[in-house]
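Undergrad: could you work out the structure for the sequence below:
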Amino acid sequence: MDARQLSFRLLQVFRQVAQSGNITAASRLLHLTQPTVSLQLKKLSEIIGEPLFDYQQQKLQLTAAGELLYQAVLDIDERISEFNLQLHQQRSGSAGSLSLAVVNTAQYLLPQLLADFANQYPQVVINLHIGNRAHILSRFEQQQDHLYLFSHPPRGEYVQATPVVKNPLYLVAPKGHWASKQPQLNFSQLSAERFLLREPGSATRMTFDSWLSSQATELKQSMQMESNEAIRLSVNAGLGLALLSAHTLQGQQHLLSVLQVKGFPLSSHWYLVQHANKRLPQAAARLSAFISQQLAGWQDPLAQAPSS
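TA: Numbers count the residues shown, from 1 in each chain. Purely as a prediction, here's the structure:
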């Protein structure tokens with residue numbers, strides 16, 4: 001048998017005749033003439049190399065080869081039906097795969113969002129990449145992912161950045177620190193303190209450095225660390241003060257003291273970013289809309305938190 005000579009139309013005619021039991025009924029359902037259907041069956045039988053029907057008591061009966069072909073046709077129909085469903089799901093964004101790259105700090109923001117999204121769209125596969133800002137910027141430049149989450153998005157004509165939620169940055173101290181007992185502080189009162197900072201190039205560090213420059217202020221003591229988790233734990237241990245995102249502190253504020261300092265929290269945002277040259281599949285577009293919708297009503301839990 002030369003399978004290259006088969007066509008969906010031939011198989012459709014065969015299936016209808018097999019199910020109808022006679023050519024006349026099949027012709028009506030297919031909107032074809034009886035001679036045309038008979039010629040189609042003859043051609044198919046020649047391709048297969050075996051007779052497909054026997055005439056028994058004025059009714060067509062499948063031969064052994066016909067039975068095998070009929071089962072194959074049903075399998076093909078089922079696979080095509082599954083393909084149509086999967087294609088519809090992919091086009092609608094309810095199935096498929098996507099790649100999401102986020103900076104380290106976003107690990108405090110995303111888990112619940114991704115869990116909720118996965119529960120709603122279990123057939124969407126998300127490949128998640130987490131790294132420092134330099135690493136995620138490199139992935140963006142190489143167009144390795146569909147979506148990116150930055151608190152300080154890159155610049156350029158190929159950047160499409162949409163703010164999705166505020167990212168206020170608070171000054172925090174160890175529990176019981178003298179500054180935590182002050183209802184209102186000026187930053188100059190903290191000049192003798194050691195500050196724990198993220199590495200140069202991180203969004204939090206850039207925001208803090210920009211604010212210090214605008215105030216013509218320099219830190220007298222500082223220590224650099226490469227993760228917010230290390231900074232948070234070090235503040236808790238009494239190593240120094242730090243500037244941390246409200247999202248990093250959410251659920252952990254009872255372990256630290258949020259300081260009431262004039263000019264703080266510093267204003268910042270999280271941005272969903274995509275490369276203008278990277279096609280966005282429907283699954284990624286759905287995730288983007290889901291994140292924006294879920295974060296639209298976010299309230300800063302520290303906004304009215306009293307200092308301790």
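Undergrad: please count neighbours and contacts with C-alpha atoms only from this point.
TA: OK.
Undergrad: domains of the chain?
TA: Listed by automatic domain parsing, the domain ranges of the chain are 3-91, 96-165+271-295, 169-258.
Undergrad: where does the stretch 51-200 of the chain dip in pLDDT?
TA: Along the stretch 51-200 of the chain, segments meeting pLDDT under 70 span 57-58, 82, 85, 90, 92-94.
Undergrad: where do the helices sit along the protein?
TA: Using DSSP state H, the helices of the chain run over residues 8-20, 23-30, 34-48, 64-92, 111-120, 133-141, 203-214, 228-236, 246-249, 282-295.
Undergrad: turn these into JSON lines, columns for distance to Gly263 and mean neighbour count.
TA: Shown next, in JSON lines, are the helices of the chain (distance: least, C-alpha to C-alpha, whole Å; neighbours: other C-alpha atoms under 10 Å):
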{"stretch": "helix 8-20", "distance to Gly263": "71", "mean neighbour count": "18"}
{"stretch": "helix 23-30", "distance to Gly263": "77", "mean neighbour count": "17"}
{"stretch": "helix 34-48", "distance to Gly263": "82", "mean neighbour count": "16"}
{"stretch": "helix 64-92", "distance to Gly263": "45", "mean neighbour count": "14"}
{"stretch": "helix 111-120", "distance to Gly263": "30", "mean neighbour count": "13"}
{"stretch": "helix 133-141", "distance to Gly263": "26", "mean neighbour count": "17"}
{"stretch": "helix 203-214", "distance to Gly263": "9", "mean neighbour count": "16"}
{"stretch": "helix 228-236", "distance to Gly263": "21", "mean neighbour count": "19"}
{"stretch": "helix 246-249", "distance to Gly263": "15", "mean neighbour count": "22"}
{"stretch": "helix 282-295", "distance to Gly263": "25", "mean neighbour count": "18"}
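Undergrad: tell me which of the ones you listed sits nearest to His152.
TA: Among the helices of the chain, the nearest to His152 by C-alpha to C-alpha is helix 203-214 (5.3 Å).
Undergrad: what helices or strands is the closest one leaning on?
TA: strand 241-245 (3 or more C-alpha pairs under 8 Å, 6 or more residues apart in numbering; DSSP states H and E).
Undergrad: what about 7 Å?
TA: Using 3 or more C-alpha pairs under 7 Å, 6 or more residues apart in numbering; DSSP states H and E, no helix or strand is in contact with helix 203-214.
Undergrad: need the contact partners of it.
TA: The contact list for helix 203-214 (C-alpha atoms under 7 Å, 6 or more residues apart in numbering) reads Ser151, His152, Leu197, Arg198, Glu199, Glu218.
Undergrad: residues contacting the second one?
TA: So the one you mean is His152. With C-alpha under 7 Å, 6+ apart, His152 has these contacts: Ala203.
Undergrad: the first one too?
TA: Going by C-alpha under 7 Å, 6+ apart, Ser151 touches Ala203, His269, Trp270, Tyr271.
Undergrad: and it, how far from Leu10?
TA: Ser151 is 58 Å from Leu10, where distance means C-alpha to C-alpha, to the nearest Å.
Undergrad: could you do the second one as well?
TA: Counting by C-alpha to C-alpha, the gap from His152 to Leu10 is 59 Å.
Undergrad: Ser227 versus Val73, what's the distance?
TA: Relative to Ser227, and taking C-alpha to C-alpha, Val73 is found at 58 Å.
Undergrad: meant to ask about Arg9
TA: For Arg9, the distance to Ser227 - C-alpha to C-alpha - is 62 Å.
Undergrad: next one: Leu11
TA: With C-alpha to C-alpha as the criterion, Leu11 and Ser227 are 62 Å apart.
Undergrad: and Pro154, by the same measure?
TA: Counting by C-alpha to C-alpha - Pro154 and Ser227 are separated by 20 Å.
Undergrad: may I have stretch 187-195 as PDB, with CA atoms only?
TA: Taking C-alpha atoms only, stretch 187-195 is exported to PDB below (Å, rounded to 0.1, in the frame of the first residue of the first chain):
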ATOM      1  CA  PHE A 187      17.800  59.700  57.900                       C
ATOM      2  CA  SER A 188      20.700  61.700  59.300                       C
ATOM      3  CA  GLN A 189      20.000  60.100  62.700                       C
ATOM      4  CA  LEU A 190      21.000  56.700  61.200                       C
ATOM      5  CA  SER A 191      24.300  57.900  59.900                       C
ATOM      6  CA  ALA A 192      26.400  55.900  62.300                       C
ATOM      7  CA  GLU A 193      24.600  52.600  61.500                       C
ATOM      8  CA  ARG A 194      25.900  49.800  59.300                       C
ATOM      9  CA  PHE A 195      23.700  49.300  56.200                       C
END
